[in-house]
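Participant: Provide a 3D model corresponding to the input given below.
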Amino acid sequence: MDTVEKIVEDFASDIALSPFSSGTSLREMIRAIRACKTAAEERAVVRRECAAIRTAISENEPELRHRNMAKLMFIHMLGYPTHFAQMECLKLIAAAGYPEKRVGYLGLMLLLDERQEVLMLVTNSLKQDLNHTNQFIVGLALCALGNICSAEMARDLSPEVERLMRSREVNTKKKAALCSIRIARKVPDLAENFMGLAASLLKEKHHGVLISAIQLCTELCKASRDALEYLRKNCIEGLVRILRDVSNSSYAPEYDVSGIVDPFLHIRVLKLLRILGQGDADCSEYMNDILAQVATKTESNKNAGNAILYECVQTIMGIEATSGLRVLAINILGRFLSNRDNNIRYVALNMLMRAIAVDALAVQRHRTTILECVKDADASIRKRALELVYLLVNDTNVKPLTKELIDYLNIADPDFIGDLTVMICSIVEKFSQEKLWYLDQMFKVLSLAGNHVKDDICHALIVVLSNTAEFQGYSVRSLYKALQSYGKQGSLVRVAVWCIGEYGEMLVNNVGMLDREEPIKVTESDAVGAVEFALSRYSADVTTGAMCLVALLKLSSRFPSTSERVKQIVAQNKENVVLELQQRSIEFTSIIQRHQSIRSSLLERMPVLDEASYLVKRATATQTTISADKLAPAVTPGSLKLPNGVAKPTSAPLADLLDLSSDGAPASTVASTTTPNDFLQDLLGIGGVSSSTTGVTSTASTDILMDLLSIGSSPSQNGTPVTDFRHPGQESKPVPAVPEAIDLLGSLSPAETKPTPVVPQDMDLLDGLSSNTSVSGLENTTHPSITAFQSATLKITFDFKRKPGNPRVTTIHATFTNLTSSTFTDFIFQAAVPKFIQLRLDPASGNTVPANGNGSVTQGLNVTNNQQGQIIVELAYAHTSYLLAFFNLHVLPYPTPFPSMCL
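Facilitator: Take a look at the predicted model:
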């Protein structure tokens, strides 16, 4: 026992006294740094040690140089600056002994990089060490050169590296080959100097030299086209021989990894074969047999074997392989999908996505396994498998694949349902050939995952519904039944409510029954009740609530017996905190109560929407989103694939409630042919169709205003006779050149035929016109005032005055009167005009409007009109009273008979 203790003590003393060991000082420094509790304490220890090292450097103590360098490397790894000791590295490298050089080269590789100017000083030392007789010193120099070599050093020392690649020492040749990789990267022009040497190294037997040589060949192929052609001619045979030998070799303990002989060499050879065979049929044919041998003989129950198989598959897919070999590779990937390792399945899915472009039919054989991966517990595998399924879909398998995916919606994880729904909808829209099948699948998706369906998909479905008259009855019945069972799905509710509002009579009367349908009994009250239920459930959703109110309004016209019930339901939202729902409720109640005569015409079905134009617009918007940072090719009707046999767009877009039309396309505007309708479309930003004035009737103005509310189209659009809204006894009059003012929801203003049209005093969107005031002639510069807007709370009057000498400029003097018992504070007035009119608002006389009409606020508007036509003004005001904000909007279209006063 005493002898053992003495040996240990002697060994420890030898280490402590050896000038080339790390010494206890390094241990103490590391122990002191690790004992620090704060960053400040650590910095103090580092500063103290750096000061001691600087002192040793200044005193030039060679016996402590190696220890100080070891301490500096540790300090450098902690992130502290150590540039002051760079010259110490050079001194250690210049020393004669191997221990000093080892520490010096290690410090050189850690403390310096190729950007340091001091590195130029080490070139001569490296050259001397590369020519040293000691192979270990040569190895140190090669390692340093391979790590920090700059372009200048590469040019200077390249001949020495070439010479060392012919050395008899295995380690020297291996390190020289690795060092030449760095030289080829830094100076590609020197790549041709290593081509012959790299080819000769492939004849070596040592696996380390072979791996280094193969890596060098791979780098030379990337650096030079000439090197690639040279290696194709001279190395293919040698690489195939190496791969055959290593595949057929027996057990070798020094190279064995989990029962596989040197999988690293396997993979390196396969990667180089892929580079050499890419785009070269002759090379690919030569290596087909060995690739088939590797693919069939390699065991797949070990991770090392799977790595070789995966690299073999990549090589087969990358070269000009035969079809049978590609099928073999895809079958290997199919086996990977059944592996329990998630990583193997994921890389197999990635590889199959690339293989589809090469042999889609072979990938289709594994469709069932891929569908099972969609149901995997791992989220990344599910997502990748879903993307692969989308690539597998074609016209022949779209129906079974879609059925599988829709069935999976019932059990899918909530986090995955969104991606799955988007993919299913994309598949159905892209590959559907039958409208009925498309509708059925979309109804299923809405029923099972309606909360995850995006608005643009619902819009596309509505466009298809409006274009399939033969399936509108079937659709409304299907959606009604789905609404009863899946009322919690938001998108389903919106589409169903829209269909019930448009085609409610088909639902009640079982119109358009298909052979496979069974009649259902739905009363008018049931239809209204379904919409009422949706309104109560989704009262917080502005979009759904607004659609429900519109549907109820339309049902009041379809089913007159339910008008009173609909009026009560709509009136419940008059005090809704959501301004949009409150405004719709007030306006729709007024329509039901006061405008019975024209309600049926106002609430007719929406016109058929142009499906092709909508698809072009949607595809264009999608490409714009995807290619936000790069120029994307424009989508034209000729280049877009339109599903369901839709023809190319031939008509102009239409404006509607859901903004489903192609209003993004600019409408042509010609001043001489612009109609009053175009002005209103321009003002509201809904786009329009420029048309000739020939054949334009007085109903055009009514059509545009009805389109403004998106509650139907004019009878003329649907091919039905135009209803004549005149008071009893009123005779038909010729249509004037400028349309008369028409109350959208009331009757025409009583007026006698006069040589010139008249200007109304008051026009309200929901009320009738007041008595008209005639104008004597064109020479007046001041014209009668009108009441632009009046409600129970506010009255706005306009006084007009033409500017002498400039007939296109008109000054409007607006007066605001408060009709309530509360004072309006922070009153703000705004106005908007079409693009052809210039508007300037002067400051108001105040921002407080007294109560009960005891005073008013005035404001000036200066309007410059560049055309002669109809005046269209959009007014908006806001005020604060009792800490509540009230907003209102009013559109004021009226004709002007004065060419000199055209606003």
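
Participant: CA atoms for contacts and neighbours, from now on please.
Facilitator: Will do.

Participant: could you give the average pLDDT over stretch 265-280?
Facilitator: Confidence over stretch 265-280 (mean pLDDT, whole number) is 92.

Participant: with stretch 808-818 instead?
Facilitator: Confidence over stretch 808-818 (mean pLDDT, whole number) is 86.

Participant: distance from that stretch to the middle of the chain?
Facilitator: Centroid separation between stretch 808-818 and its chain, computed with CA atoms, centre = their mean, to the nearest Å, is 48 Å.

Participant: list of residues touching it?
Facilitator: For stretch 808-818, contacts defined as CA atoms under 8 Å, 6 or more residues apart in numbering pick out 793-803, 824, 849-866, 900-903.

Participant: please, a ChimeraX command that selects the buried ones among those?
Facilitator: Under the burial definition 16 or more other CA atoms under 10 Å, those of the contacts of stretch 808-818 that qualify are selected in ChimeraX by:
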select :794,795,796,797,798,799,800,801,802,803,824,849,850,851,853,856,857,858,859,860,861,862,863,864,865,900,901,902,903
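
Participant: now, the contacts of stretch 808-818 that are in strands?
Facilitator: Taking DSSP state E as the definition of strands, these contribute 794-802, 856-865.

Participant: all strands for this structure, in order.
Facilitator: Counting by DSSP E, the strands of the chain are 256-257, 260-261, 759-760, 772-773, 782-790, 794-802, 809-818, 825-832, 837-841, 856-865, 871-881, 884-894.

Participant: and Ala530, how many neighbours does it have?
Facilitator: Counted by other CA atoms under 10 Å, the residues lying close to Ala530 total 19.

Participant: next: Ile356.
Facilitator: Counted by other CA under 10 Å, the residues lying close to Ile356 total 17.

Participant: tell me the contacts of it?
Facilitator: Applying CA under 8 Å, 6+ apart to Ile356 gives the contacts 363, 391-392.

Participant: show me which of these are buried.
Facilitator: The neighbour-count test (16+ other CA under 10 Å) marks 363, 392 as buried among the contacts of Ile356.

Participant: quick one: the contacts of Ile356 as a markdown table, columns for distance to Arg605 and pLDDT too.
Facilitator: Converted to a markdown table, the contacts of Ile356 look like this (distance: CA to CA, whole Å; pLDDT from 0 to 100):
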| residue | distance to Arg605 | pLDDT |
| --- | --- | --- |
| Val363 | 48 | 91 |
| Leu391 | 39 | 91 |
| Leu392 | 40 | 91 |
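
Participant: mind checking pLDDT for Lys567?
Facilitator: For Lys567, pLDDT reads 90.

Participant: before we move on, what about Ile236?
Facilitator: In this model, Ile236 is scored at 91, pLDDT.

Participant: and the closest residue to it other than its chain neighbours, how many neighbours?
Facilitator: Among residues not flanking Ile236 along the chain, Cys283 sits closest, at 7.1 Å (CA to CA, 6 or more residues apart in numbering). Cys283: 21 surrounding residues under other CA under 10 Å.

Participant: with Gln830 instead?
Facilitator: Residues within reach of Gln830, counting by other CA under 10 Å, total 11.

Participant: just the one 4 residues further on next, same as before
Facilitator: The local packing count at Pro834 equals 20, with neighbours defined by other CA under 10 Å.

Participant: can you list the domains in the chain?
Facilitator: Per the TED database, the domain ranges recorded for the chain read 414-615, 783-891.

Participant: possible to save the ones you listed as a markdown table with distance to Thr133?
Facilitator: Below are those laid out as a markdown table (distance: least, CA to CA, whole Å):
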| stretch | distance to Thr133 |
| --- | --- |
| domain 414-615 | 66 |
| domain 783-891 | 89 |
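
Participant: buried deepest among these, which one?
Facilitator: Mean neighbour count (mean count of other CA atoms under 10 Å) peaks for domain 414-615 among those, with a mean of 19.

Participant: how far away from the center of its chain is it?
Facilitator: Here domain 414-615 is found 29 Å from its chain centre; the criterion is CA atoms, centre = their mean.

Participant: now the end-to-end length of it.
Facilitator: 30 Å (CA to CA, to the nearest Å).

Participant: next: stretch 58-72.
Facilitator: Using CA to CA, the end-to-end distance of stretch 58-72 comes out at 15 Å.

Participant: now the helices for the stretch 451-600 of the chain?
Facilitator: Using DSSP state H, counting those that start in this stretch, the helices found in the stretch 451-600 of the chain span residues 455-467, 472-485, 490-509, 524-537, 542-558, 563-571, 579-594, 596-602.

Participant: now the fifth one and helix 563-571, what's the angle there?
Facilitator: Between helix 542-558 and helix 563-571, the angle formed by their directions is 160 degrees, by axes from the mean of the first three to the mean of the last three CA atoms, to 10 degrees.

Participant: which outside residues touch helix 542-558?
Facilitator: Helix 542-558 is contacted from outside by 490, 493-494, 497-498, 500-502, 504-505, 528, 531-532, 534-535, 538-539, 562-563, 566, 570, 578, 580-581, 584-585, 588, 592, 599-600, 603-604, 711, using CA under 8 Å, 6+ apart.

Participant: next, the angle from that helix to helix 490-509.
Facilitator: 10 degrees.

Participant: just the CA atoms from helix 542-558 would do, formatted as CSV, please.
Facilitator: Only the C-alpha atoms of helix 542-558 are listed here, as CSV (Å, rounded to 0.1, in the frame of the first residue of the first chain):
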residue,chain,number,x,y,z
VAL,A,542,-70.9,41.6,-37.0
THR,A,543,-70.7,39.8,-40.3
THR,A,544,-73.0,37.0,-39.4
GLY,A,545,-75.4,39.4,-37.7
ALA,A,546,-75.6,41.6,-40.8
MET,A,547,-76.2,38.7,-43.1
CYS,A,548,-78.9,37.4,-40.8
LEU,A,549,-80.7,40.8,-40.9
VAL,A,550,-80.5,40.9,-44.7
ALA,A,551,-81.8,37.4,-44.9
LEU,A,552,-84.7,38.3,-42.6
LEU,A,553,-85.5,41.3,-44.7
LYS,A,554,-85.6,39.2,-47.9
LEU,A,555,-87.8,36.6,-46.2
SER,A,556,-90.3,39.3,-45.3
SER,A,557,-90.7,39.8,-49.0
ARG,A,558,-90.7,36.1,-49.9
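
Participant: pLDDT of it, averaged?
Facilitator: On average, the pLDDT along helix 542-558 is 91.

Participant: before we move on, what about the fourth one?
Facilitator: Taken as a whole, helix 524-537 carries a mean pLDDT of 90.

Participant: which residues make contact with it from outside it?
Facilitator: Residues outside helix 524-537 that contact it (CA under 8 Å, 6+ apart): 480, 483-484, 487, 493, 497, 500, 504, 507-508, 544-545, 548-549, 551-552, 555, 559, 562, 566, 569.

Participant: can you tell me the closest non-neighbouring residue to Arg494?
Facilitator: Thr544 (5.8 Å).
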